[in-house]
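1. let's see this in three dimensions:
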Amino acid sequence: MDADRRGWRECLLSGAVFAVCMAGTTLPTPLYGLYQEKFGFSELTVTVVYAVYAFGVIGVLLLAGNASDAVGRRPVLLAGLGFAAASAVCFLCATGLGWLYAGRLLSGLSAGLFTGAATAYVMELAPHGGTSRATFVATAANMGGLGCGPLLAGVLAQYAVSPLYLPFVVHLAVVTGSAAVLLWLPETVREARPLSTVRPQRPALPPQVRAVFGPAAIASFVGFALFGVFTSVSPAFLAQSLDVDNHAVSGLVVALAFFASTAGQLAVGRVGTERSLPLGCAGLFAGLALLAGALRWDLLLLVVLSAIVGGCGQGLAFRGALSAVAEVSPADRRASVISTLFVVAYAGISVPVIGVGVLTGPIGLEGAGLVFIACMAVLVSTAGVYLLRRPVGART
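-> Below you'll find the model as predicted:
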């Protein structure tokens, strides 16, 4: 009993460290309007600044996604916290657009190191038989942390002093405390290998994973694409079309999507992995439809409902995808397989978001958003129908 209690304490603490790192990646979301006023750049530049983060994540996942399998979880996670701290310093020193690019890139490097390694770490620290609950802790820490970032920054920017500085000072302090916690936690990789054994990896999957991976990856792609649009352009839409210039409200709307995702992940335990993926696709489709209505009729209520419904769908789909993929992955390749799933997911954050930014100039933010929604709706409905006809559970 004491061993189980200790295991869950370590699991939850590692999840908290995971959340701190991910919060830093969305911290600038409600501040982009202030940076636009300060440096005078366009909406396309906002989406590119945002997407630089995703390119950093994908680069790390491809070059060192399996690093923690070799050298251990803690060294990789400590390096991730170091990049998170460096990102905060860049935003504190920002005197031009180059600092924002550097800060977002470093933030992407930190998230790239954390996503696969921290997910595997949280699951490995849990007591025997606690895989399902540990998977929820990992995915909830990921999405909950992403939601806390814009909420914290929005509240501080609206109601405290120095809106472009205080959020990053607070994050630096929390990152320092997280490093101390990580040093206290045990290592879970029993036979660490030298860093020289780490090699860049192509997105490759063990044979037993491939049948499950395809539909899981499509659902993850669409879910992260929806989050990408929310975190990059929704503050501009709220300000320009709905006259909502309160940074706390902008941060809350974005945070709602991530918190709803956590609720959707919690529901997976009740509905099961086999049903969570198609249900998640249905939720994503409904969230996209509500977002289309919000863009068409300029209604804040529909934006909020889109965040909640789409977030729940993303949570159902993503935790179902992660559970199914992790279950069939060999133990010595679990982190690299999870990293491959995140490569697909973060491609959803980057490519569609830049597309929205490119289209905003010629057809406006509403038109660009509707084109994005149509493309994502086709993808998610195709994946949902496929999953209904060939359930993941049967193949797992």
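2. so where is the stretch 151-300 of the chain shaky, pLDDT-wise?
-> 201-204 (pLDDT under 70).
3. can we see that at 90?
-> 189-219, 227-237, 239-243, 245, 262, 265-275, 277 (pLDDT under 90).
4. from V57, how far off is G72?
-> 21 Å (C-beta to C-beta, to the nearest Å). In this view, the C-beta of every residue, glycine as well, is placed from N, C-alpha and C.
5. which one of these two has more residues nearby?
-> V57 (29 against 20; other C-beta atoms under 10 Å).
6. so which elements touch the helix or strand harbouring that one?
-> Using DSSP states H and E, V57 sits within helix 43-64. Using 3 or more C-beta pairs under 8 Å, 6 or more residues apart in numbering; DSSP states H and E, the elements in contact with helix 43-64 are helix 32-39, helix 97-125, helix 207-241, helix 334-389.
7. go again using 10 Å as the cut-off
-> helix 2-26, helix 32-39, helix 67-71, helix 73-92, helix 97-125, helix 207-241, helix 334-389 (3 or more C-beta pairs under 10 Å, 6 or more residues apart in numbering; DSSP states H and E).
8. dump it to PDB, restricted to CA.
-> This file holds the C-alpha atoms of helix 43-64, laid out as PDB (Å, rounded to 0.1, in the frame of the first residue of the first chain):
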ATOM      1  CA  GLU A  43      -2.000  38.500 -38.800                       C
ATOM      2  CA  LEU A  44       0.000  36.300 -41.100                       C
ATOM      3  CA  THR A  45       3.100  37.000 -39.000                       C
ATOM      4  CA  VAL A  46       1.100  36.000 -35.900                       C
ATOM      5  CA  THR A  47       0.400  32.600 -37.400                       C
ATOM      6  CA  VAL A  48       4.000  32.100 -38.500                       C
ATOM      7  CA  VAL A  49       5.300  33.100 -35.000                       C
ATOM      8  CA  TYR A  50       2.900  30.600 -33.600                       C
ATOM      9  CA  ALA A  51       3.800  27.800 -36.000                       C
ATOM     10  CA  VAL A  52       7.500  28.200 -35.400                       C
ATOM     11  CA  TYR A  53       6.800  26.500 -32.100                       C
ATOM     12  CA  ALA A  54       5.300  23.500 -33.900                       C
ATOM     13  CA  PHE A  55       8.300  23.200 -36.200                       C
ATOM     14  CA  GLY A  56      10.600  23.200 -33.200                       C
ATOM     15  CA  VAL A  57       8.500  20.400 -31.600                       C
ATOM     16  CA  ILE A  58       8.500  18.300 -34.800                       C
ATOM     17  CA  GLY A  59      12.300  18.800 -35.300                       C
ATOM     18  CA  VAL A  60      13.100  17.600 -31.800                       C
ATOM     19  CA  LEU A  61      10.700  14.600 -32.100                       C
ATOM     20  CA  LEU A  62      12.300  13.500 -35.400                       C
ATOM     21  CA  LEU A  63      15.900  14.100 -34.300                       C
ATOM     22  CA  ALA A  64      15.700  13.100 -30.600                       C
END
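9. tell me the pLDDT of the closest residue in space to G80 that isn't next to it in sequence.
-> Nearest non-adjacent residue to G80, counting by C-beta to C-beta, 6 or more residues apart in numbering: L113, 3.6 Å away. On pLDDT, L113 comes in at 93.
10. L113 and A126, how far apart?
-> 21 Å.
11. show me which of the two is the more surrounded one.
-> A count of neighbours by other C-beta under 10 Å puts L113 above the other of L113 and A126, at 29 against 23.
12. that one touches A67, doesn't it?
-> Yes - in this structure, L113 is within contact of A67 by C-beta atoms under 10 Å, at 7.6 Å.
13. need the residues touching each of the two.
-> Common neighbours of L113 and A67 (criterion: C-beta atoms under 10 Å, 6 or more residues apart in numbering): V60, P75, V76, A79, S339.
14. narrow those to just the buried residues.
-> V60, P75, V76, A79, S339 (16 or more other C-beta atoms under 10 Å).
15. residue contacts, the third one?
-> What it means is V76. So V76 contacts 60, 64, 67-70, 113-114, 116-118, 121, 189, 195, 198, 335 (C-beta under 10 Å, 6+ apart).
16. also the second one?
-> Each residue near P75 by C-beta under 10 Å, 6+ apart is listed here: A67, S68, L113, A117, L182, E187, V189, A192, L195.
17. is there a quick PyMOL command that grabs whichever of those residues are buried?
-> The PyMOL selection below is limited to those of the contacts of P75 classed as buried (16+ other C-beta under 10 Å):
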select buried, resi 67+68+113+117+182+189+192
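18. can you add distance to A324 and give the contacts of P75 back as CSV?
-> Putting these into CSV (distance: C-beta to C-beta, whole Å) gives the following:
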residue, distance to A324
A67, 24
S68, 21
L113, 24
A117, 20
L182, 29
E187, 27
V189, 24
A192, 29
L195, 31
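19. and the contacts of P75, which two are furthest apart?
-> The largest separation in those, counting by C-beta to C-beta, is between L182 and L195 at 18.2 Å.
20. on that earlier part again, out of the contacts of P75, which comes closest to A255?
-> Closest to A255, out of all of these and judged by C-beta to C-beta, is L113, at 23.8 Å.
21. thinking again about what came up before, identify the farthest-apart pair in the shared contacts of L113 and A67.
-> P75 and S339 (16.1 Å).
22. chain neighbours aside, what residue packs nearest to F259?
-> That would be G147: by C-beta to C-beta, 6+ apart, it lies 4.8 Å from F259.
23. Provide a list of residues in contact with the one you found.
-> 19, 22-23, 26, 227, 251-252, 254-262, 311.
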